[in-house]
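next comes the sequence, and after it the predicted model I'd like to discuss.
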Amino acid sequence: MQNFNPRVSGLFLLCLVLVYIVILAGGTVRATGAGMGCPDWPLCFGKFIPPTSEAELPENWEKFLHGSQAENPSFNPVHTWTEYLNRLAGALLGLASLTLVFFCFVSNKVTNKTLYFAIGALLSVIFNGWLGSQVVASDLRPLLVSLHMLGAFLVQMFLILGFINSRTSNVFPTVSVAFNKRANICIGMCVLCLVIQIGMGIQIRESVDWAFKIDELFDRENLIDIVPWIFYVHRSFSWVLLVFAVLALSYIVKSKVNSETGLREISTWKFLFSDIKVRWGGIYIILVLAQMLIGGALNHLGFPMFVQPLHLLAANLMFGVLCFLFFCESGIVNYEKNQTLQSRPMLT
């Protein structure tokens, strides 16, 4: 008999997937310059369904424009619908988060801690939605755009904490690795280095935003000439991330080998996939390598528009994987097989 609620666990996972869809959509909005495609919020040109042509615009539609848009009024249906779809994805995430909290509350197979994580995720989604409205009201002020992006990390943390805590060890038929001190240090360094790398990336993105704010027709191939010096540190620092990722996985694997009877008694595939921490450690290395290739494309191909959203998505996926490893090791969540579930009265 399952001692967890699969519906709640599935909703946590669904919300997490939606977060990454929203991040990809938001990255596309930034890369295409569609951030002000809908100049008002939460509507779009005062409508629930945005116009597809100038003929569908309301009278005096220029009143919705502000900032640089008001100086040279124009309507771009592609930008409008790109931003609108981004908002729809965010609204879908909000509804899914609300549904998650409801099922956590009515289920008698959900711990209070899991419920608190679900509520934290919902509040983070609401706050980030409000922050998105401030981004529009400020005419895409770079600092607010950065805070809006950081808000997505907070949502991820709550959802990952809740997802792990909502499941028990019998769901993961694996042998938990007894981490050694070196593995702990390397995972901590991976987290620290990723935070530093993201911080540098935010500064670079803000400089790119300012370039397009000053001149919307700025040649993307010339962006490399105006980015700050920290871009070169950001580019080289990726190797530091890779080194610590490899070290962390090697110590995780070493701990597992020491806990087994011997390598010759373990098939290669079973060894690689029999522990979830080894698995996620390997995925993190793959993501770091993929991110290095994506970053190289930005550097050598003139900041192509379609690559920027992938760069942002990969950074968030790296953050999510590290959260999983860090939270499992920190003891904030656990895989106790006989975890006691505090019953909660069902709503009638």
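Noted; the coordinates are in hand.

buried stuff in stretch 22-42?
For stretch 22-42, a neighbour-count test (16 or more other Cβ atoms under 10 Å) marks 22-41 as buried. Bear in mind the C-beta positions are built from the backbone N, C-alpha and C, glycine included.

sorry, slip of the keys, the one I care about is stretch 313-331.
With burial defined by 16+ other Cβ under 10 Å, the residues of stretch 313-331 counted as buried are 313-329.

one more: stretch 118-132?
Within stretch 118-132, the residues scored as buried using 16+ other Cβ under 10 Å are 118, 119, 120, 121, 122, 124, 125, 128, 129, 131, 132.

quick one: the first one and residue 98 touch, right?
The one in question is residue 118. No. Contact criterion Cβ atoms under 8 Å: residue 118 and residue 98 do not qualify, at 9.7 Å.

please flag which of the buried residues of stretch 313-331 sit within helices.
Here DSSP state H is the test, and the buried residues of stretch 313-331 give 313-329 as lying in helices.

which residues does residue 145 contact?
Counting by Cβ atoms under 8 Å, 6 or more residues apart in numbering, residue 145 touches 30, 35, 135, 205, 206, 209.

right, and the fifth one touches residue 146 too?
Yes. At 6.4 Å, residue 206 and residue 146 qualify as touching, with contact defined as Cβ under 8 Å.

helix or strand for the spatially closest residue to residue 11 that is not a sequence neighbour, which one?
Of all residues beyond its chain neighbours, the one nearest residue 11 is residue 100 (4.3 Å), with distances taken as Cβ to Cβ, 6 or more residues apart in numbering. Residue 100 belongs to helix 77-106 when assigned by DSSP states H and E.

the following helix or strand past that helix to helix 77-106, inter-axis angle?
The helix or strand immediately downstream of helix 77-106 is helix 112-137, counting by DSSP H and E. On the basis of axes from the mean of the first three to the mean of the last three Cα atoms, to 10 degrees, helix 112-137 is oriented at 160 degrees to helix 77-106.

now go through the contacts of residue 145 and say which are in helices.
Using DSSP H, the members of those that fall in helices are 30, 135, 205, 206, 209.

ok, and for the strand or helix carrying residue 283, which residues are buried?
In this structure, residue 283 sits in helix 276-300 according to DSSP H and E. Under the neighbour-count criterion of 16+ other Cβ under 10 Å, helix 276-300 has 276-285, 287-288, 291-292, 294-295, 297-299 buried.

what is that helix packed up against?
helix 230-259, helix 268-273, helix 307-330 (3 or more Cβ pairs under 8 Å, 6 or more residues apart in numbering; DSSP states H and E).

domain assignment for this protein?
The record's domain split for the chain, according to automatic domain parsing, is 1-171, 173-335.

reformat those domains as JSON lines; add mean pLDDT.
Output for those, formatted as JSON lines (pLDDT from 0 to 100):
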{"stretch": "domain 1-171", "mean pLDDT": "86"}
{"stretch": "domain 173-335", "mean pLDDT": "81"}
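
which residues touch residue 299?
Counted by Cβ under 8 Å, 6+ apart, residue 299 has contacts 224, 235.
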